[in-house]
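Q: okay, here's the prediction I keep looking at, along with the sequence it came from:
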Amino acid sequence: MKNILIINDFVSLGKIAGKMMENVLSYKGHNTFFLPTALIANNFSYGKNAILDCTTYLEDALKNWQNLDFKFDLISIGYIHTTKQRDIIYDYVKNLSYKATILFDPIMGDDGSLYPTVDEAILENYKSLIDIADIITPNSTEAKFLAIDYDKYKKAGKKFLITSVKEDNKYFVKGYDGYDFEIPYEKLPKRLTGTGDLFDGLFIAYYLEGACIEESAKKTVETISKIYKMVIETTDQDNINIEKYLNFIY
């Protein structure tokens, strides 16, 4: 059992964001701490939303856990709501007295465009958090807007997984773990929310079991494909009620 800290948003509707990841990692037997950066009524595709900023709670919780000497094997950083949150998280990670794996998924857009709440300041916040990450998992849209200098970060020892890459009508995950690799997958019909969050949760679970990054990503792609097919074949939902499909996980 590992101690895992998930820093991400809490979305009330559906199983997405931190709720999705927490379900997967708890099922795999890990001690999971879910620290919300914001409480969000629904995903941004609905056009209207209600958001509660959790900066004060974020800061207080991290200070409290430092005082209690809680240590985490892996820290996953996702949705960041403000520049102050970026500063709090950056300083917390930089000042850790122990080694933890830092996974960073810059949740900021999809399908070629940024989410409505992401302005230039937030984009710069996400760019700066790459510096403290060991593994970065943007989708292809996020990777484009981050304008990642891959050569620079490869030399710095960063590892990458870029999801939802499309080239020549083929889909795959691009990765780097000391070498470049690609993991092809079948593009399935219908769009389901939360698949990126499911990817992060599954990848962390397999990675913490000792698989390398490429093997962990392959297992993740295989598992998501099985769950995705089952959802679209047996329901008319546009989200994944992950509790029904946890037995699909290796």
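A: That came through fine.

Q: the helices in the chain, which residues?
A: 17-27, 55-67, 83-94, 120-129, 140-146, 150-155, 195-208, 213-234 (DSSP state H).

Q: in the fourth one, what counts as buried?
A: Buried residues in helix 120-129, defined by neighbour count with 16 or more other CB atoms under 10 Å: 122-123, 125-126, 129. Any C-beta I mention is one placed from the backbone N, CA and C, and that applies to glycine too.

Q: out of the helices of the chain, which is closest to Asn42?
A: With distances scored as CB to CB, the stretch of the helices of the chain nearest to Asn42 is helix 17-27 (11.0 Å).

Q: how far does that closest one sit from its chain's centre?
A: Remark: helix 17-27 is offset 11 Å from the chain centroid, using CA atoms, centre = their mean, to the nearest Å.

Q: how big is the angle separating that helix from helix 213-234?
A: 110 degrees (axes from the mean of the first three to the mean of the last three CA atoms, to 10 degrees).

Q: so for helix 17-27, mean pLDDT?
A: Per-residue pLDDT over helix 17-27 has a mean of 95.

Q: I'd say Ile204 and Met20 touch.
A: No: counting by CB atoms under 8 Å, Met20 is not a contact partner of Ile204; they are 11.7 Å apart.

Q: so what sits against both of these two?
A: Counting by CB atoms under 8 Å, 6 or more residues apart in numbering, no residue touches both Ile204 and Met20.

Q: of all the buried residues of helix 120-129, the one with the weakest confidence?
A: Lowest confidence among these: Ile122, with 88.

Q: what's the distance between that residue and Ile135?
A: 21 Å (CB to CB, to the nearest Å).

Q: likewise for Phe203?
A: In terms of CB to CB, Phe203 sits 8 Å off from Ile135.

Q: next: Asp60.
A: 27 Å.

Q: okay, those two: which has more neighbours?
A: Comparing Asp60 with Ile135 by other CB atoms under 10 Å, the one with more neighbours is Ile135, at 24 against 11.

Q: per-residue pLDDT, that one?
A: 98.

Q: is it in contact with Leu161, as I believe?
A: Yes: if you go by CB under 8 Å, Ile135 and Leu161 touch, sitting 7.1 Å apart.

Q: excluding chain neighbours, what is closest to Leu129?
A: Phe104 (5.5 Å; CB to CB, 6 or more residues apart in numbering).

Q: state the distance from the one you found to Asp134.
A: Counting by CB to CB - Phe104 and Asp134 are separated by 8 Å.
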